[in-house]
Each structure stands twice: as structure tokens, then as C-alpha cells.
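> predicted model and sequence below, questions to follow.
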Amino acid sequence: MSATLTKSSNRRLQAALQHASGDKRFKILEVHMKKHQFRHDALIEVLHKAQELFGYLEDDLLFFVAHKLKLPPSRVYGVATFYHFFNLKPQGEHTCVVCMGTACYVKGADKVIDAVQSRLQIKSGETTADGKVSLLTARCIGACGIAPAVTYDGQVAPKQTPEAALEKINQWK
Amino acid sequence: MPQEFKLILKHLDNPGYTPDIECYLRHGGYDALKKALAIQPKDLPDGKKASPQEQIRDDVKLSGLRGRGGAGFSCGLKWSFVDRRSGKPIYLICNADESEPGTFKDRQIIHKDPHQLIEGMIISCFANDVKLAYIYIRGEMPLGAKLLNKALAEARAKNLLGKNILGSGYDLDIHVHRGAGAYICGEETGLIESLEGKRPYPRIKPPYFPAVLGLYMCPTIVNNVETLCNVKHIVTMGGAEFAKLGTPNNTGTRIVSLSGQVKRPGYYEIEVGKATIGQLINDPVFGGGLRDGHKLKAVIPGGSSAKVFKAGEKFKLKRKVDGKDVEQEVDMLDLPYDFDSLIAAGSMSGSSAIIVMDDSVDIVEALANISEFYAHESCGQCTPCREGSLWMSKTLHRLTHGEGRKSDADYLVKIADNIPGGRTICAFGEACSWPVQSFVAKFKDEFVAKGAADEERRANEKIQPKTATPVERKELATAH
């Protein structure tokens, strides 16, 4: 597919590959792709791995994946933007994910997120200016029995109150 | 007295029960698989021979097992639709993309007893001549994916998976595929697209019935985690015996995820139809009642897309009393929790997630939350759903932020009525409009009152229609 790219995006690809040549993580990613025999249907798995390695999916990385899997960049970009799990922007050092599923909501998740938003002075989906904390909302993480649930750095905390959430956030800041 | 009936959850929460294979084998694990592989071809009265695979499939049909994912479609029937003559490989996919708000049953099975799922899958694959199967697990469950991969490796080491399983000559491999956070992946054709590494846009049916043109355009079976676990128990106890559990046409057991404002939220396994909604909420064995000093307001009986029940609502149901069909008036709380009664009452048991709301909940805000979820998760393929879900969400947003209008209630229903009913490719259109239709129909006074109060306040304040500043305009544009 890369052969059919226009001249300007070809230059873009060259820049991405140049970038990739000096970084060990791209090598690891390529080995991972090889494990999946560079199959088109492994795209989501490859993007998972890429995000694990890099923290977020930058443009060069997406160009690299598209080139190696022989997919049009539009397809890779389309998939990366559709799924909520993939971040196209760098994330903060810590992440705080407030579940806004219906069960958590009726148990007061809205108060938790309001408290955290006003403490961090950011909206959900944003990262604090110092890059410390990213605040995200989730659509039901399947922890409705312990609602309202908040995930701090991947650890699910049950029955959160605004006070408990602020205490945790204050440890990070 | 209603009781929990633990079939799938039998060992799961016992102290000392671990998700590894040794523990599972100690508790009689993989006996059902050995039994299934040892079945001999049987001579039928008409001179034909029934292969072991056909016998298991017939047993599942006989058991009356209905899919536990949401639609409640007969599992045996689903398997019988599979195109076995095309010569193409048949795939089986376990749908572990459990993302309906309120549902958390599959998560427990995967985290605490992954081998039960794997055993159920191997038997189902054997019964359908499947050589390659996938487990599609939610991206939000990284631990689940890890545990499943570990469990699969353990099973491979014991020759329960891979080539020539337990010397039977049957080969099978199972792969875990992680999703990446998209509700629409729970729709079976969307899931198949996602498994192929694309955006999960559901495919149009016909012609893309998974049983004929599924994964890689081959016949594919997509079953829920709980359904596949049930297959194991059907083989263990026999289809006829399994059919005795529960009530006729609603056989077996179901894991109910109970959440919201009850004293004991959690997951409870019951015989289908042997407990009523009221018992599940109030019985000390289950929910244990509402918080003290609060009254019941509404119940969502089957995950957020099911139509809501208002407290005190009455339904006319046809029931069999002494062999005669009698029409009875049944209170919402006395509805037996099964597939058919809830459908007769105009809702559905969906993924068997009960969300209880007491009088402290603002119904308009609750609907705004649900609606926001659907607006966010619509895949954007069909215009009525993409636009409609967003319009409904925006209307509810303004109702909950002091910008409401008296006519908003009717406006919402008008939008909701124009989304479902064959105008969209998949059932998401129905899922996003049902809550709006039912909430507004049953709590219309609250919606109208809220809109009227907003109108009155604005009239008193004599607010001139303010022109938005460029910054505000930008915020509005990016709000959704």
C-alpha cells in the first residue's frame, strides 16, 4: 500500500521510519508484529502493544505500524481513534478513571467527579498542566456491585466518596 | 422461600478456591469434557447414526438453554443455523465484551473460575467441529485477559487443548483477543469486525448472518460467557435434567447482577423464574431491601437499555392456573425474573442486570446519564442512531442544566420514536431509544415539571438571549 502513497506522505513515512531507526522500542514492536505474522487482523493487538511501550500513540508510531502491516495509514488512524482505550496524546504520570456507568451514577459518581474536577482544575479527558494526573471517565467498568468505583492507576477502588477520592489525588499532587 | 441456586457459581466464592487448573481439577473440573469426548455414536431408530457431536447439540437443544447475553435466543437453535456443508472452517467466539452498564456477571467467572469457561468452550467447539476459537475480552479487563491466557497455557500443558485432545483425535486452539473499549463490540457482527482488526461497525443482516458469513466470511458461532459455562453443566447433568431447572421455556439458572441502592448489591445465581423482582430486591438472601428511610422509585430490570419499571406499576399477564389461561394483574415487584414474563411486561431481562433506584434519585438526571452513554458509544454508521442519540443526550443535558423547556418531554419521545424499528443496522437503535421512551412515558410529570420550572425561572430573570463569546462557542462546539 505504501507504494501508492503520494509524494508528500511518502516523505512523511520516511521521516517516521528515520525516527523509528534510532529507538529500541520500535524494534520490540516489530518483533511483536512478526509474532502475529504481520496479519492485518492483528492491528488492535499491535496497537495495544505500542501503547504499552510508548504510553500513547504518536503519529510517527501509527505511520510505522501502517507501513509494517501494509495497511493504509487511514485504516490505522481510523481504528486508533475509534477505540477509547487508545490515547493519541501523552498521558499524565497518574491516571484517575471515574466510572460513570448507571449503577455508579445513581450511587453518586457525579459528586466524585465534580470534586476531582474542581480540585485538579481540569475537565475529564484532560491532563494537569504539570503532567502529573490525567482524569478520565469510563462507561461502566463492570464493578457495579462496589459502586461508585474509581480506578487509580489501574487499581479499582470500591465505594468512593468525594473525600476519599480527593485524599488519593492529594497523595499524587 | 426463594433461594440462591448455585450451578456456575458453585465453588467460585468458596474460601481457598483459586483460578488455577489444579484447584479446578480437584473440584471435578474437565470431567464433563472427558464425558463429552467419550460419547459413542448412537444408532437412531430410522437406521441413521448420530455422531457424538450431534448428540451434544441435541442435548443442548433439549435443555432449552437460552442465550445469557441479552437477546435470550435459544442456544440450540443458534447452533443449528450454522452452515456445516460449505466446507469452510467454523469458528466459535466467546463474547466476553460485557459492557452493558449494570452487568458484572461474566467478569466474576473470568476472574475467579476461568477454567469453567474454557471447559464449556472446548465442549461447545467439539460439538460444532470448531478447530479455532476466540475469546473476545473487554479492553477494560486486563487482569481477566491475563488470567485467561494463563489458564489456556495450563490447559495446553495438560493436553486439554491443542492437538489430539486427551487422545480423542480432536484438535482445537483458543486465542484471547483484547478489545479496546467500545460498547458496540458486544454486538456480534461488530465483534467479528473488531476481531478482524477493523472498526467495529456492525454488518447488515441479511446477508451477513454470523452462522453463514461470520468471521473471515466463514460460519461463526458467537456465545456469551455464561451460556458457554452452562453447556458444561448440560453435558454433566444431561439436557433433560437441566431443563427441569427453572420454569418451562426459561430453563436453567441465571446470574443476576444486582446494583444500585440496595443494602447488598452483588451477583446472585437463581433458577430462572423462581424468584420475583421484589424478592431479589428485598429478600435478605439477595438485595436485603433498600436503605432505611427510602422508598423504591424505579427498577431497570435488564441492563441500562431495558425499559424501566416504575414502583407500583401493574401489568396484565397471562398465566396458567390449574391448566387454564387466566389473565392476572401482577405488581411490578411480583414479576418472576425470567425471559418471558419481563417481555410480556414490556421490558426485557437483557443481560440480567437489575439497577435499583430509590426516591433520592433524580430520574431526569439518571436518564441524562444513560443517554450520554449511548450518544458516546454509538458507532456512527447509521444516521438515525448517530444523530438521534446525540440529540436526545443534548436535550437531556439542557434539561439538567437549567436550560430546559416544557415541550422537551414530547420532543425526546419524538426523537426516540424515530430511531428504532429497522432504521438502523443493529439493535443499538433500540437500545438507545428504549430507556428514553420508557423513562419519559412513566415519569412524564417530572420531565415536564423540570422544563416548566426552567422556563419560569428564565422568564423571571428576563434573560435576553445572550450571544455566546468566542470562547464559549468553542466550548459548546467541543462539548460532545
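Arrived safely. Just so you know, these numbers come straight off a predicted model, no measurement behind them.
> tally of neighbours for B:A459?
B:A459 has 9 neighbouring residues, counting by other CB atoms under 10 Å in any protein chain shown. No exception for glycine: its C-beta is placed from N, CA and C like everyone else's.
> hmm, I typed the wrong one, I wanted A:T95.
Per other CB under 10 Å, the neighbour tally for A:T95 reads 17.
> one more: B:N249?
14.
> in what helix or strand does the spatially closest residue to it that is not a sequence neighbour lie?
If the residues on either side of it in the chain are set aside, B:N249 comes closest to B:D340, at 6.1 Å by CB to CB, 6 or more residues apart in numbering or on different chains. According to DSSP states H and E, B:D340 maps onto helix B:339-344.
> need the residues that contact that helix.
Residues outside helix B:339-344 that contact it (CB atoms under 8 Å, 6 or more residues apart in numbering or on different chains): B:66, B:72, B:249-250, B:272-273, B:301-302, B:306, B:315, B:317-318, B:335, B:348-349.
> ok, now with 10 Å
B:66-67, B:71-73, B:246-251, B:254, B:272-273, B:276-277, B:301-302, B:306-307, B:309, B:315-319, B:330, B:334-336, B:338, B:347-350, B:352 (CB atoms under 10 Å, 6 or more residues apart in numbering or on different chains).
> so which of the residues you listed are in strands?
Secondary-structure check on the contacts of helix B:339-344 using DSSP state E: residues within strands are B:G246, B:T247, B:N250, B:T251, B:R254, B:F309, B:F315, B:K316, B:L317, B:K318, B:R319, B:V330.
> filter these to the buried ones?
B:G246, B:N250, B:T251, B:R254, B:F309, B:F315, B:L317, B:V330 (16 or more other CB atoms under 10 Å in any protein chain shown).
> from these, which is closest to B:D129?
B:T251 (25.4 Å; CB to CB).
> report the residue spans of chain B with pLDDT below the cut-off.
Counting by pLDDT under 70, the ranges of chain B that qualify are B:463-480.
> quick check, central residue of it?
When CA atoms, centre = their mean is applied to chain B, the residue found nearest the centroid is B:S351 (2.8 Å).
> and that residue, how close does it get to A:I169?
Counting by CB to CB, to the nearest Å, the gap from B:S351 to A:I169 is 33 Å.
> B:Y136: helix or strand, and which one exactly?
Per DSSP H and E: strand B:132-137 holds B:Y136.
> which stretches of chain A form strands?
Going by DSSP E, chain A shows strands at A:94-99, A:133-138, A:150-152, A:155-157.
> the first one near chain B anywhere?
Yes: applying CB under 10 Å from any CB of the partner chain, one finds that strand A:94-99 is in contact with chain B at A:V97, A:C99.
> elements contacting that strand?
helix A:109-120, strand A:133-138, strand A:150-152, strand A:155-157, helix A:162-172 (3 or more CB pairs under 10 Å, 6 or more residues apart in numbering or on different chains; DSSP states H and E).
> would you turn those into JSON lines with distance to B:R156?
Shown next, in JSON lines, are those (distance: least, CB to CB, whole Å):
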{"stretch": "helix A:109-120", "distance to B:R156": "41"}
{"stretch": "strand A:133-138", "distance to B:R156": "33"}
{"stretch": "strand A:150-152", "distance to B:R156": "32"}
{"stretch": "strand A:155-157", "distance to B:R156": "30"}
{"stretch": "helix A:162-172", "distance to B:R156": "40"}
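> after the strand holding B:Y136 comes which helix or strand?
Using DSSP H and E, the first helix or strand after strand B:132-137 is helix B:142-157.
> ok, and for that next one, which residues are buried?
B:G144, B:A145, B:L147, B:L148, B:N149, B:A151, B:L152, B:E154, B:A155.
> for the residue in the stretch 201-350 of chain B that chain A sits nearest to, what are phi and psi?
Nearest to chain A in the stretch 201-350 of chain B, going by CB to the nearest CB, is B:S259, at a distance of 3.6 Å. In terms of degrees, to the nearest 10, the main-chain angles of B:S259 are phi -140, psi 180.
> likewise the one 10 residues further on?
Per-residue torsions, B:E269: phi -100, psi 130 (degrees, to the nearest 10).
> residues contacting B:A427?
B:A427 touches B:G70, B:A71, B:E187, B:P202, B:S305, B:P420, B:W434, counting by CB under 10 Å, 6+ apart.
> now the strands: where do they sit in the stretch 1-150 of chain B?
If DSSP state E, counting those that start in this stretch is used as the criterion, the strands of the stretch 1-150 of chain B fall at B:42-43, B:49-50, B:91-96, B:132-137.
> could I get those strands as CSV with mean neighbour count and distance to chain A?
Shown next, in CSV, are those (neighbours: other CB atoms under 10 Å in any protein chain shown; distance: least, CB to the nearest CB, whole Å):
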stretch, mean neighbour count, distance to chain A
strand B:42-43, 12, 39
strand B:49-50, 12, 36
strand B:91-96, 26, 10
strand B:132-137, 23, 10
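> redo the ones you listed as a markdown table? Include distance to B:V448.
Shown next, in a markdown table, are the strands of the stretch 1-150 of chain B (distance: least, CB to CB, whole Å):
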| stretch | distance to B:V448 |
| --- | --- |
| strand B:42-43 | 65 |
| strand B:49-50 | 62 |
| strand B:91-96 | 40 |
| strand B:132-137 | 43 |
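> which strands and helices sit next to the longest helix along chain A?
Determined from DSSP state H, the single longest helix within chain A is helix A:7-21. Secondary-structure packing of helix A:7-21 (3+ CB pairs under 10 Å, 6+ apart): helix A:24-35, helix A:59-69, helix A:73-82.
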